[in-house]
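1. structure, please.
(4 chains, ligands or ions: 4)
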Amino acid sequence: MQLSRDALLRAYRQMKVIREFEERLHTEIQTGEIAGFTHLYCGQEAVAVGVCEHLSNDDKIVSTHRGHGHCLAKGCDVNGMMAEIWGSREGLCKGKGGSMHIADIDQGMLGANGIVGAGAPIAVGAALAAKLNGEGKVSIAFSGDGACNQGTTFEAMNLAVVTQAPCIFVFENNHYSEHTGVDYAVGTARDIASRAEAFGMKVWRGDGTDFFSVHDTMREVLEYVRAGNGPAAVEFDTERFFGHFEGDPQRYRGPGELDRIRETRDCLKIFRASVTGAKLLDHADLDALDAEVLKAIDDAVDKARAADRPTPEDVLADVYIAY
Amino acid sequence: MQLSRDALLRAYRQMKVIREFEERLHTEIQTGEIAGFTHLYCGQEAVAVGVCEHLSNDDKIVSTHRGHGHCLAKGCDVNGMMAEIWGSREGLCKGKGGSMHIADIDQGMLGANGIVGAGAPIAVGAALAAKLNGEGKVSIAFSGDGACNQGTTFEAMNLAVVTQAPCIFVFENNHYSEHTGVDYAVGTARDIASRAEAFGMKVWRGDGTDFFSVHDTMREVLEYVRAGNGPAAVEFDTERFFGHFEGDPQRYRGPGELDRIRETRDCLKIFRASVTGAKLLDHADLDALDAEVLKAIDDAVDKARAADRPTPEDVLADVYIAY
Amino acid sequence: MAQMMYRDAVVTTIAEEMERDPNVVVLGEDVVGGMGTAGGPEAIGGIWSTSTGLYGKFGKDRVIDTPISESAIMGAAAGLALAGKRPIAELMFADFIGVSLDQIWNQLAKFRYMFGGKTKCPAVIRMAYGAGYNAAAQHSQSVHQILTGMPGLKVVMPSTPADVKGLLRTAIRDDDPVIFLEHKALYGMSGDVPEGDYSIPFGHARLTRAGQDVTIVSSGLLLGFCEAVADKLAAEGIGCDVIDPRTTSPLDEEAILDSVEVTGRLVVVDEAPPRCGLAADICALVADKAFSSLKAPPQAVTPPHTPIPFARELETAYLPSTDKIEAAVRKVLGWR
Amino acid sequence: MAQMMYRDAVVTTIAEEMERDPNVVVLGEDVVGGMGTAGGPEAIGGIWSTSTGLYGKFGKDRVIDTPISESAIMGAAAGLALAGKRPIAELMFADFIGVSLDQIWNQLAKFRYMFGGKTKCPAVIRMAYGAGYNAAAQHSQSVHQILTGMPGLKVVMPSTPADVKGLLRTAIRDDDPVIFLEHKALYGMSGDVPEGDYSIPFGHARLTRAGQDVTIVSSGLLLGFCEAVADKLAAEGIGCDVIDPRTTSPLDEEAILDSVEVTGRLVVVDEAPPRCGLAADICALVADKAFSSLKAPPQAVTPPHTPIPFARELETAYLPSTDKIEAAVRKVLGWR
Ligand SMILES: Cc1ncc(C[n+]2csc(CCOP(=O)(O)OP(=O)(O)O)c2C)c(N)n1
Ligand SMILES: Cc1ncc(C[n+]2csc(CCOP(=O)(O)OP(=O)(O)O)c2C)c(N)n1
Ligand SMILES: [Mg+2]
Ligand SMILES: [Mg+2]
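-> Ligands and ions are numbered 1, 2, ... in the order given. The predicted model follows:
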């Protein structure tokens, strides 16, 4: 299905925001100003955006430790996120969560998650809520190729099938879990989808470096799941441009691997080539967006840096609603 | 492969011991003399025996909450087990473990287990030890159709594939986990083996009510695994003759179901018909064994009843080797 | 007032709240029972009979029978709560936090805090705990000491049918995650239960016996043991305050401290193992906050530092007995 | 004596024991690193660099890189131990007991007891714990309070490179399951480490400062804070015994009680949350067993009952500070 010009511009902008958000963090982190563990999403933008462009605020997603892309794609505020990563009390989570715990319930974003595999069962719960509401809403669990080895992920898939929950398991296979290759850690090598299939789900596969592949695949998947056919799973083949976390020496990469994937498997380049090649958008449109996005990221960083810091008393707030 | 007369007699005797052990417990439990939760193995004897007849003491098994059959088949002492279930200090575990925790490390029996799904990872560990020893020994994880939904079982399968551990996952599909049917609880319904397959294992299937089906299948499986081909999985279709635990009203059974399975799916009857039909053994041989086994069980009960009771000081013993 | 069993107080309260609020949903293993069988659903209604009849009344989308996957059950409860529902999830045995602790500890308990106070997480996790069934090391444990230590959780331990009703109602209506611990040896206990919309606020202990000489704190199965000891001593003219905290998080510190200020003597009787347990927690609290009132060392009466044994004689010897409780009380009475 | 970092003391000791005993095996996530990649194995050697070089020396059957499946890792350790090996399993972060507690608590810890003393279970479970990295609520926790309460486990908490070496050697040679807790903020700490076959028995505390006025008990990151406070007060003529228990199970009760008998004053400084923690455990112990010696209420200095926050300022405010420790010491000194 051909997307409108607006939809194309929006999709590109969303991907570009994620890209520049992460590239900028990569730079800023070197200065030591940002605390904690940070996992960047660069390279996988087409997946987050290709999935989330189909969703409304009433559809839920549950994310991972590598959550910035999912958050941004689902509508979390750029400034609020940047401030959160900076540990400011003006952050989306008041500086309490940080990179691995960004959430925005109103946007249907039920949280990044520091525990690998924890998200899938939570997504099934959200899907059961959607089923009870009966309005055709869905819930999406993003999981990596590493998370697909965690018991919770399997349990979640089976529970979703048993309860016919409108849950979609999106597996982002970026070929690595930390420093380990998927060929080693996943018994069935590159095929995660067939595991999901063995749980009795209908599965799809797509090219995670191509926005259109993701977007078209997800249209089908969502149609199927919104129609009440129970859960489904999708595997997207994708690439991680940075290390596992910031500071990772990446000795596990092959020679030239990083250059090659940046060159040939960059979803932004692929998108640009595709839409300009098909004369749907021209370079100037995209260049203008690029500039606008860079500016927005600059602003976000400036704001985060200037934002209020939390105070010691904040430690005690928000443990309970009432105790 | 045709079994010798001795092997046939031995297999029958083993199954019969389990049967009568459990039937007797079923009766004794009504009197209230035996404490705790007891899960009987009646109906599944052909699986435990068909598997364990292939094993030496250096091969390990890890069992479940429904462990009596596995224990007996792997060579645990009948008297020691009966005394344990009676809570005597002469029991195999000195009355500390009871029905759900019988173990005999010297026999390669690494424990019944009260936690559903806990056994499979332990079996992988034992298999890794066997691999390190390099003597072609294996480790076997018995799991039910319910346990196959527990995250630990999946993790164990993947870990076994990744490490090429000589571990065999034996799934006993008796169609129920507690009061729930397998058609409901296992997304893929009666097919557990294809889940294992999706983890990259070679799988087999067999009729768990037919000793020969189990025994022949396991011969192949063991040959494959002992040869260093990594793990494997087998699913046996079988029947549980009693309730989930003693005291279960079994309202989930269909009308006449219990009579039907006792009539048509009794592994002892099937064995007897098969070996007498083929003139390998005659009824008199088997009747003699029956009498001998009944006597042995009577003895075991008498001994258990007369055995020393534990003393309060025993509570403190055997927590640590040294503390 | 109606006479009711502890287990019936559970199912009655759940049914009333489900009636009242369409967002309340129940999930767990065999909470329906008989799903996918020829005998059909409702074969059991929970192995403790604490969900009997709910499926028939509220249907499969609100009474969700699950496979054996405790992490998924706890996680689904978390997701339901984040998505606006009020799940009541059953963990068949408290011991199964072993396979599901992450979702309780690192997810449910922390969402509100990690997310900067921008969400609520109104989930109730019910679980059967405690010894008394000879169910041995993996099916008899107490876990309140572990969960009480976890910030973000509220921990409730009802000791009577009336408290089940009053506290479970509060739990279901509470917007924070609540652990609701039912002692399996009390399920058959009968008692008067107030009718109607009865609820008990968290953090309010119950004084079950009053006296001036010793303060005894306990709950669950052992509370009855303590009451028996208190009654016996009362006949001798020794007066015990027996305090049931009802909730261990929040803990009614005031009730305990006020009592010790009068008695000067404390005995805490708890079913968890001795190290880092609730007994130590309360003894330390009193040693800190009522130091000047103390006339004798605060005593913890707990099982020994061992797993829970199977045999009847062993389990009995493992649990604190009335003799041991009485001895502790006499020890503090006779100090110096 | 050699100067060595805490992290290097871990890997050195493991390597020495693997050399000595072919039954010792290592397993965990990324303990090799680079498996199945173009860059090849040994890309990392554990994210804490605590297994660097082991794969090259001992090969893939003794240095087993695992998928992300903590229950399977702990369970495999249990199975290896039951089958005669001596596994050293790494849990990357202590917080991940949430997804693997059953195998630690209900399996490893209980085998010997449940099986009537007829087996041993010589497994070491290493894990990185503690705050100081701004890793927030799910990657910064202390878990010794949970594990110390579990009968059947031994729990070790080294606070210096020398103690790492001496205690890890004992742990690996011990026939019972041992939890070995490495404070992640100490991995880079340097110190003198005795050469050769150095080992430290469990249950023997270490006196790091000696004084007559107050007993301070602490370990890990906070031990350094306590020592700083003790040093500061020493300049004022106030003497503190600073006791590092080294192992919390077994606990060297004698060392603590002996000290309090002299000082009459106790401050326990611990990184776990306040409720049902090790601080309460030790305060209760002292209130019971050294009641008559106590001149002031035993004080627990811990973080508040909250999850661990992310931002630098918040984490700093969360952790007990030297100011708070000093205030507690002055409080007991100034009592009445
Ligand atoms: C339960 C748990 N185990 C281990 C970790 C450490 N860890 C964080 S991310 C990660 C790798 C995840 O790999 P994958 O799922 O492929 O996601 P990716 O990093 O590629 O996005 C690991 C092992 C964790 N956070 N939680
Ligand atoms: C972790 C855990 N969850 C739940 C239970 C309660 N339980 C004991 S046996 C059982 C059913 C197991 O079914 P299956 O694996 O098919 O074995 P079967 O009883 O048929 O032999 C359940 C739910 C348990 N013991 N452990
Ligand atoms: Mg990955
Ligand atoms: Mg079954």
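2. show me the shaky parts of the stretch 1-150 of chain A.
-> Judged by pLDDT under 70, the stretch 1-150 of chain A has no weakly predicted residues.
3. which ones are touching the residue nearest the centre of chain A?
-> The centre of chain A sits closest to residue A:70, judged by Cα atoms, centre = their mean, with a distance of 2.9 Å. Residues near residue A:70 by Cβ atoms under 8 Å, 6 or more residues apart in numbering or on different chains: A:41, A:48, A:52, A:61, A:63-64, A:109, A:112, A:142. The way it works is simple: take the backbone N, C-alpha and C, and place the C-beta from them, glycine included.
4. next secondary structure element downstream of the helix or strand encompassing residue C:77?
-> In the assignment (DSSP states H and E), residue C:77 maps to helix C:70-82. On the C-terminal side of helix C:70-82, the nearest following helix or strand under DSSP H and E is strand C:86-91.
5. residue A:306: neighbouring residues, count only.
-> When neighbours are defined as other Cβ atoms under 10 Å in any protein chain shown, residue A:306 has 11 of them.
6. and it, its phi and psi?
-> Note on residue A:306: backbone dihedrals following degrees, to the nearest 10 are phi -90, psi -10.
7. and residue A:30, by the same measure?
-> Main-chain torsions, residue A:30, degrees, to the nearest 10: phi -60, psi -30.
8. distance of it relative to residue A:247?
-> Residue A:30 is 9 Å from residue A:247, where distance means Cβ to Cβ, to the nearest Å.
9. the strands in the stretch 51-200 of chain A, which residues?
-> For the stretch 51-200 of chain A, the strands defined by DSSP state E, counting those that start in this stretch occupy A:60-62, A:139-144, A:167-173, A:176-177, A:180-181.
10. which one, of those strands, ends up nearest to residue C:299?
-> Residue C:299 lies closest, by Cβ to Cβ, to one member of those: strand A:60-62, at 47.4 Å.
11. ok, now which ones touch residue A:18?
-> By Cβ under 8 Å, 6+ apart, the neighbours of residue A:18 are A:41-42, A:45, A:48-49, A:68-69, A:72-73.
12. skipping adjacent residues, who's closest to residue C:189 in space?
-> Nearest non-adjacent residue to residue C:189, counting by Cβ to Cβ, 6 or more residues apart in numbering or on different chains: residue C:6, 4.6 Å away.
13. surely that neighbour and residue C:161 touch.
-> Yes - proximity of residue C:6 to residue C:161 meets the contact threshold set by Cβ atoms under 8 Å, at 4.7 Å.
14. what touches both of those two?
-> In contact with both residue C:6 and residue C:161: C:189-191, using Cβ under 8 Å, 6+ apart.
15. mind putting these into TSV with distance to residue D:268?
-> Output for the shared contacts of residue C:6 and residue C:161, formatted as TSV (distance: Cβ to Cβ, whole Å):
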residue	distance to residue D:268
C:189	39
C:190	44
C:191	41
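16. for residue C:127, helix, strand, or coil?
-> strand (DSSP: H, G, I helix; E, B strand; the rest coil).
17. so what's it up against?
-> C:90-94, C:96-97, C:143, C:179-182.
18. one more time with 7 Å
-> Applying Cβ atoms under 7 Å, 6 or more residues apart in numbering or on different chains to residue C:127 gives the contacts C:91, C:93-94, C:181.
19. just residue A:195 next, same as before
-> For residue A:195, the contacting residues are A:148, A:188, B:198, by Cβ under 7 Å, 6+ apart.
20. ok, residue A:124 to ligand 4 distance?
-> As for residue A:124, its distance to ligand 4 is 23 Å (criterion: Cβ to the ion, to the nearest Å).
21. run a quick neighbour tally on that residue.
-> Each residue near residue A:124 was counted by other Cβ under 10 Å, and the total is 36.
22. same thing with residue C:14?
-> 25.
23. what of residue C:321?
-> Other residues near residue C:321 number 16, with proximity taken as other Cβ under 10 Å.
24. what comes up buried for the helix or strand where residue C:254 lies?
-> When elements are assigned from DSSP H and E, residue C:254 belongs to helix C:253-263. The neighbour-count check on helix C:253-263 (16 or more other Cβ atoms under 10 Å in any protein chain shown) flags C:253, C:255-260, C:263 as buried.
25. who are the packing partners of it?
-> strand C:214-218, strand C:240-244, helix C:278-289 (3 or more Cβ pairs under 7 Å, 6 or more residues apart in numbering or on different chains; DSSP states H and E).
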